[in-house]
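[1] sequence plus predicted model, see below.
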Amino acid sequence: MVNLGVKLKDLSLKNPVMTASGTFGFGEEFEDFIDLSNLGGILVKGTTRHHREGNPYPRMAETPSGMLNAVGLQNKGVENFCSEIYPRIKHYDTNILVNVSGSVIEDYVETAAMINDLEHIPAIELNISCPNVKEGGMAFGTSCASAAEVVKAVRQVYKKHLMVKLSPNVTDITEIAKAVEAEGADSVSLINTLLGMAIDAETRKPLLSTVTGGLSGPAVKPVALRMVWQVFNAVKIPIVGLGGIMNAKDAIEFMLAGATAVQIGTANFIDPQVTEKIVVGIEDYMKRHNIQDINDLIGALQVR
Amino acid sequence: MKKLVQDFEVLQRKELNDDHFVLDVKALEPLPEIRPGQFVNVLVKDSNTTFLRRPLSIHFVDYERNTISLYIKKIGDGTKKLGELKEGDTLNIVYPLGNQYSIPNNANTLLVGGGCGVAPLLYLAKHLNQAGNKVTTLLGVRSEKDAVELDAYKEYGNILVTTEDGSFGEKGYPTQHSILEKEKFDYVFTCGPEPMMKAVAAYSTQKNIPCEVSLENTMACGFGACLCCVTETTEGNKCTCTEGPVFNINDLKW
């Protein structure tokens, strides 16, 4: 029997496989396809202080080995989450993390404080990296000073595990990671989507209503792996790696680069059962390589 | 209705004309209940430019053969690869997705389809016919060679055609067909290019007839997780995949 359990500081996961926010709804959308209790954790859709309609259609464009999205954090607001959605999903036998986003610091703080009161939500993922909201969002995550400021403010009201989701749209992601670590982040997740765009040459128009959007899928995996490796060598807090993971082999690569856990995002759209398959695949890999404890894989990259 | 992800076996590919074909795929387990208007999301193999699944209307369901028929137009590389599938090949499908057309009883119903938008209408015609409705299917196509599967529709009611070049049926667009003024319909159902559906919606509004449209949209997941395929409705953005693809025109901002 191999050990698949990992710990993000005080947060225990039965295995390192989580889902990425914005690709997994509230978990309910996947109940027909998989048993959610087989996952290490699920990250529910980005939640903001107030209701957001999101961006106009079209919001999505397929790209080589990936996709661009410009959903723009469509959600009904944190009060709706607490009163309507939380009671429906709180019984899930897995860690439920809420991705918290905002336009101004007060919104992040108020949203985090409300979720702090929910018994069955052991952690939040602070989203300072969404490229699809006009104000705030990624702007917080692209300078050390503003990243530190929002984490410091949320830290004062949020008492459980505080994960901070980092943007790859920066010159040096390790500086941002160090800044949020210094303000009390318990872990960092990376990467959010890469800012990109797509054009229809025939119509001379952009394919997204917002012109630019967030790129995800296997196309971003090498960039994500590189950033996880860099951050692993820069901070002490655990790292959750994501970006184009399609199978168990990809997940193992992120762990070797330094991730304690991984998130599966875009792959859920193509195979709604992929997360369970990745858990099984990781176990197979461990047996094949005679590894008893998955923690032995974290950062085990052998650089010559 | 539980959603499934399953491998299907390709039984047959019927070429209809230059760019349309029907793919009959057989489920390896008994098919669940599938309602008219629902769709599938299929995985395309061996296409470098096709990353996401392709959402396709369910054209017909044959419970005796345990098959689903998909009516497909070759547009990009993904649908072209689907057009190369052979008997015995495997197709991975997520289904049944989306809501359904309403099925009235003992009503005079009109179905208007254009282009590959005719896809869901055959199965709808069957259900309407079974529920005791009078069914008239009106298909708008470019030319005679595009007027396909007419005998299949005849099984369930009356079939009328308009062609843009006048080579078959009445010349013009479906909303110009004489039947619209001759007969009084109780329900209208439509699927096709948006300008055509908007014209059908305008006709229905003018005649005060309930009208349901099936919308097409670019989707990533097809089951309400990605929030990419939204349609503007009177109650805000709704997912075309889960709250559609069928909408009553009164709920749309048309």
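    That came in fine, so what should we check first? Numbering: from 1, shown residues only, chains lettered A, B, ... in the order given.

[2] tell me the contacts of residue 144?
    Because you didn't say which chain, this covers chain A. By C-beta atoms under 8 Å, 6 or more residues apart in numbering or on different chains, the residues touching A:C144 are A:E175, A:I176, A:K178, A:A179. Any C-beta I mention is one placed from the backbone N, CA and C, and that applies to glycine too.

[3] my bad, the chain I had in mind was chain B
    So B:E144 contacts B:T163, B:S167, B:F168 (C-beta under 8 Å, 6+ apart).

[4] look at it and report its pLDDT.
    Looking at B:E144, its pLDDT reads 93.

[5] could you do B:D18 as well?
    87.

[6] that one: how many residues sit nearby?
    B:D18 has 9 neighbouring residues, counting by other C-beta atoms under 10 Å in any protein chain shown.

[7] that one: what's its closest spatial neighbour, skipping adjacent residues?
    B:K145 (7.8 Å; C-beta to C-beta, 6 or more residues apart in numbering or on different chains).

[8] can you verify the one you found is assigned to a helix?
    Yes - assignment of B:K145 by DSSP: H, G, I helix; E, B strand; the rest coil places it within a helix.

[9] wait, it sits on B:L16?
    No - between B:K145 and B:L16 there is no contact under C-beta atoms under 8 Å: 9.1 Å.

[10] centre of the chain to stretch A:289-301, how far?
    Here stretch A:289-301 is found 23 Å from its chain centre; the criterion is C-alpha atoms, centre = their mean, to the nearest Å.

[11] give me the mean pLDDT for it.
    Mean predicted confidence for stretch A:289-301 is 98.

[12] could you do stretch A:206-217 as well?
    For stretch A:206-217, the mean per-residue pLDDT is 97.

[13] is that stretch positioned near chain B?
    Yes - Stretch A:206-217 reaches chain B (C-beta under 8 Å from any C-beta of the partner chain) through A:G217.

[14] now that stretch, how far from the chain's geometric center?
    In terms of C-alpha atoms, centre = their mean, the centre of stretch A:206-217 is found 19 Å from the chain centre.

[15] list the buried ones in that stretch?
    By 16 or more other C-beta atoms under 10 Å in any protein chain shown, the buried positions in stretch A:206-217 come out as A:P206, A:L207, A:L208, A:T210, A:G213, A:G214, A:L215, A:S216, A:G217.

[16] how many other residues sit next to the spatially closest residue to the last one that is not a sequence neighbour?
    Ranked by C-beta to C-beta, 6+ apart and with sequence neighbours excluded, the top spatial neighbour of A:G217 is A:G66, at 2.9 Å. For A:G66, the count of nearby residues is 21 (other C-beta under 10 Å).

[17] ok, now B:K253?
    By other C-beta under 10 Å, 7 other residues sit near B:K253.

[18] nearest spatial neighbour of it, chain-adjacent residues omitted?
    B:E232 (4.8 Å).

[19] and stretch B:157-164, which residues are buried?
    B:G157, B:N158, B:I159, B:L160, B:V161, B:T162, B:T163.

[20] you'd agree B:V112 is in a strand?
    Yes - the assignment for B:V112 by three-state DSSP puts it in a strand.

[21] identify the bridge partners of it.
    Judged by DSSP bridges, the bridge partners of B:V112 are B:L138, B:T190.

[22] check the secondary structure at the closest residue to B:L4 other than its chain neighbours for me.
    Using C-beta to C-beta, 6+ apart and skipping residues adjacent in sequence, the residue nearest B:L4 is B:Y95, 6.2 Å away. Look at B:Y95: counting by three-state DSSP, its state is strand.

[23] and the gap between the residue in the stretch 151-254 of chain B positioned nearest to chain A and A:T203?
    In the stretch 151-254 of chain B, the residue that lies nearest chain A is B:C228 (3.6 Å; C-beta to the nearest C-beta). According to C-beta to C-beta, to the nearest Å, B:C228 stands 20 Å off from A:T203.

[24] out of the two, which sits in the busier spot?
    Neighbours per residue (other C-beta under 10 Å) separate B:C228 from A:T203, with B:C228 holding more: 28 against 8.

[25] which residues touch the more buried one?
    Neighbours of B:C228 in contact, by C-beta under 8 Å, 6+ apart: A:R59, A:M60, A:N69, A:V71, B:T218, B:M219, B:A220, B:C221.

[26] now A:A185
    A:L126, A:V151, A:R155, A:L162, A:M163, A:V164, A:I237.

[27] identify, from those residues, the entry nearest to B:L23.
    Nearest to B:L23 out of those is A:M163 (C-beta to C-beta; 44.6 Å).

[28] check which helix or strand covers B:S57.
    strand B:54-62 (DSSP states H and E).

[29] what residues does the stretch 101-250 of chain B put near chain A?
    By C-beta under 8 Å from any C-beta, the residues of the stretch 101-250 of chain B that approach chain A are B:217-232, B:236-237.

[30] derive a ChimeraX selection command for the buried subset of the residues you listed.
    Selection of buried members from these for ChimeraX, criterion 16+ other C-beta under 10 Å:
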select /B:217,218,219,220,221,222,223,224,225,226,227,228,229,230,231,237
